[in-house]
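Asker: what follows is a predicted structure for the sequence shown.
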Amino acid sequence: MNINILAIESSCDETSAAVIRDGEVLSNFIANQKVHEQYGGVVPELASRAHQQNIIPVVEAALKKSGVSKEELKAIAFTQSPGLIGSLLVGCCFAKSLALGLDLPLIAVHHMQAHVLANFIGDPKPSFPFLCLTVSGGHTQIVLVEDYLKMKVMGQTLDDAAGEAFDKTAKILGLPYPGGPLIDKYAKEGNPQRFSFPEPQIPGLNFSFSGLKTAILYFVQEQTKKDPDFIQNNRADICASVQHRIITILMNKLVKAAKETGIKEVCIAGGVSANSGLRQAMKAYSEKYGWNHYIPEFQYCTDNAGMISITAYYKYLAGEFADLTVSPSARSSMDRN
Amino acid sequence: MSEISNYFCLMEWNFTLKDISRVAEEFWEHAGDKKVFAFHGDIGAGKTTFISELCRAKGIKDTASSPTFSLINDYVFTDETGIEQHLFHLDLYRIHDEEEAIHAGIEDALYSGAICMVEWAEKIPNLLPEETIHVTIVPGKEGRKLVSSSVK
C-alpha cells in the first residue's frame, strides 16, 4: 500500500501544492501564470489572502501531474506556522475541509522544519546528526538536526534576514525588488575585495544584518557625494564586496557551529541557497573543513509544498497527526516539534 | 518634555544605542492609550532597531526580527493588569498599494485594538486610523533623533 500525501503551502506569497508517494515527490506546483492559464483565475502580485483564488487550481494541477487520485490519498498536510495569519488560514481551512470530506487524517507542518527536510527530497541525503543553515528572505537560522522531527535552533537573526540584506542593498543601489538575484549576477563580474564592509560582532551563533545595511547605505552616500556616478561605475565591485561579506558572516557562524558540535554533515536550505556565491562558499568550506555538504534542488529551496510533503511523510511514519481543532499560528518555535 | 503629552504632540528625543532602552521606556510612558504608531525614516534609519527595543520594553521575549518579508509579526506580552495582549509589527516595504495591503490583512491588524508598529506607513495613508501617532527617525552625526507627532 502506497503512502500518498497531498501537501499545501500558503504561509506567505506563494500558494503551492505537492503530492508525495512513499517519500518521493511526484508533483510540486506553485501558483503562477501558467497554472492559471490552464485552470482559470488571475495571479495577484502578492498572494496573501488571494491564496483563495490560487488554491483550487494548484491542488488540481498537483493531483493531475502526480497521477494520484483523491481516493488514493492517505493524508492531507498543510503549513501550520509560521507565516502571515490570513495566508496560513486559507491553506489550513482548505486542508481541513478536504480531510473531513475524504475522511483522511490531517498533518500540520512547521514551515522552517520543512525547509530543512527539503534536503531529503532526492539523493544524496544527509545523515544524522547534521547542521542546516536556512537562509531566505524572512529567515536566517542554524539548525541542529538530530532526527527527522527533532531539531534545535542554535542561532538566528536578531534583526534582518540574510535575504533581506541582499534585497535592501539592491534597493540602496537602485536595483528593483527582489534584488538578491541581481546582486548575485553583478557580483560575478566584480572584485569582492575592493570594498570592505564590517562584520558584526554578535556573540554565539546569532546573526545581525541590520548594521551591515546601514554601513552600506552610508558608504554609498559618502562616495556618491564625491562622485555622482559612483554606483554606476562600481556596481559590480560593490555587489561582489557586499555579497562576499554577507556570505562570510553566514559561513563564519556555520564553521563555529560545526566546531562546537563536531558535526561534519552540513546542509543549506531556503531561497538564498540559490545564490551562486553561497554555493561556491559551501563547496570551498567543505573541502577546507572536511564537510559533506548538501543543497536541495532549487524548486525545493524557495517556499514550496514539496518540502511540506516530505515533512508530512516523516510525520505520517511517526504517527504525528493533527485533529480538526488545529489552528494556524503566525509565530511558533520549531524546537517543540 | 511637552506638558501636553496626552496629545503626544511633538515629542523629541535624541539618543544613541547606549540609551535606546531608556528612550523606549519613556516612549511608552508618553504613549498612553495610543495604539497605532507609524514609523518614518529611510532604509537604515533604525526603525526596526527602535521597534525591537519598544518590544523588549513591553517584555516581549521572542526575537523581534524584521517583518519585511513576513509583512506582519505578531507578538504577545502581558500588560500591567496581567492580561495577554497582542502587539503587531507591520512592514509595508513590499506592499505596492492600499488594495494589496487590505488583501494582506493589514487593516485587520490596524483596527484590531492591539498595539501596531507600522514601518513604511506612507504607502497606506488612507488606511491608517485617524488617531495614528507618526514617529520619524532621523540619523544624526551621532545617534538618532526621534520625533513623534499626531500629525505627519
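Answerer: Now that the structure is in, tell me what you want to look at. Numbering: from 1, shown residues only, chains lettered A, B, ... in the order given.
Asker: residue nearest the centroid of chain B?
Answerer: Note on chain B: the residue nearest the mean C-alpha position is residue B:117, at 3.0 Å, using Cα atoms, centre = their mean.
Asker: from residue A:152, how far off is that residue?
Answerer: Applying Cβ to Cβ, to the nearest Å, one obtains 30 Å for the distance of residue B:117 from residue A:152. Placement of C-beta: from N, CA and C, glycine included.
Asker: what do you get for residue A:125?
Answerer: When Cβ to Cβ is applied, the distance between residue A:125 and residue A:152 equals 20 Å.
Asker: equivalent analysis for residue A:7, please.
Answerer: For residue A:7, the distance to residue A:152 (Cβ to Cβ) stands at 24 Å.
Asker: near chain B, which residues of the stretch 151-300 of chain A show up?
Answerer: A:156-161, A:163-164, A:167-168, A:171-172, A:177, A:210, A:213-214, A:216-218 (Cβ under 8 Å from any Cβ of the partner chain).
Asker: swap in 10 Å and give it another go.
Answerer: A:156-161, A:163-165, A:167-169, A:171-172, A:177-178, A:206-218, A:221, A:271 (Cβ under 10 Å from any Cβ of the partner chain).
Asker: who's in contact with residue A:208?
Answerer: A:140, A:157, A:158, A:159, A:160, A:165, A:200, A:201, A:202, A:249, B:49, B:65 (Cβ atoms under 10 Å, 6 or more residues apart in numbering or on different chains).
Asker: skipping adjacent residues, who's closest to it in space?
Answerer: Distances taken as Cβ to Cβ, 6 or more residues apart in numbering or on different chains place residue A:200 nearest to residue A:208, at 4.5 Å, with adjacent residues excluded.
Asker: hmm, residue A:210 and the one you found touching each other?
Answerer: Yes - taking contact to mean Cβ atoms under 10 Å, the distance of 8.4 Å between residue A:200 and residue A:210 places them in contact.
Asker: where does the residue of chain B found nearest chain A land in three-state SS?
Answerer: At 3.2 Å from chain A, residue B:69 is the closest residue in chain B, using Cβ to the nearest Cβ. Following DSSP: H, G, I helix; E, B strand; the rest coil, residue B:69 is assigned to coil.
Asker: let's see the pLDDT reported for it.
Answerer: Reading off the per-residue confidence, residue B:69 sits at a pLDDT of 84.
Asker: quick one, what contacts it?
Answerer: If you count contacts by Cβ under 10 Å, 6+ apart, then residue B:69 has A:12-13, A:84, A:136-139, A:160-161, A:163-164, A:167, A:178, A:271, B:91, B:93-94 around it.
Asker: where's it relative to residue A:330, distance?
Answerer: From residue B:69 across to residue A:330, the span is 13 Å (Cβ to Cβ).
Asker: okay, and the common contacts of the two?
Answerer: residue A:84.
Asker: quick one on the thing from earlier: more crowded one of residue A:7 and residue A:152?
Answerer: In this comparison of residue A:7 against residue A:152, neighbours counted by other Cβ atoms under 10 Å in any protein chain shown, the higher total goes to residue A:7 at 33 against 13.
Asker: the more buried one belongs to a strand?
Answerer: Yes - according to three-state DSSP, residue A:7 belongs to a strand.
Asker: quick check: it touching residue A:63?
Answerer: No - using Cβ under 10 Å as the test, residue A:7 is too far from residue A:63 to be in contact (11.4 Å).
Asker: overlap in contacts of those two?
Answerer: By Cβ under 10 Å, 6+ apart, the residues touching both residue A:7 and residue A:63 are A:17, A:19.
Asker: can you pull the buried residues of stretch A:165-183?
Answerer: A:165-173, A:175, A:178-180, A:182-183 (16 or more other Cβ atoms under 10 Å in any protein chain shown).
Asker: pick out the lowest-pLDDT one from those.
Answerer: Least confident of the buried residues of stretch A:165-183 in the model: residue A:178, at 75.
Asker: tell me the secondary structure for that one?
Answerer: Quick answer, by three-state DSSP: residue A:178 is coil.
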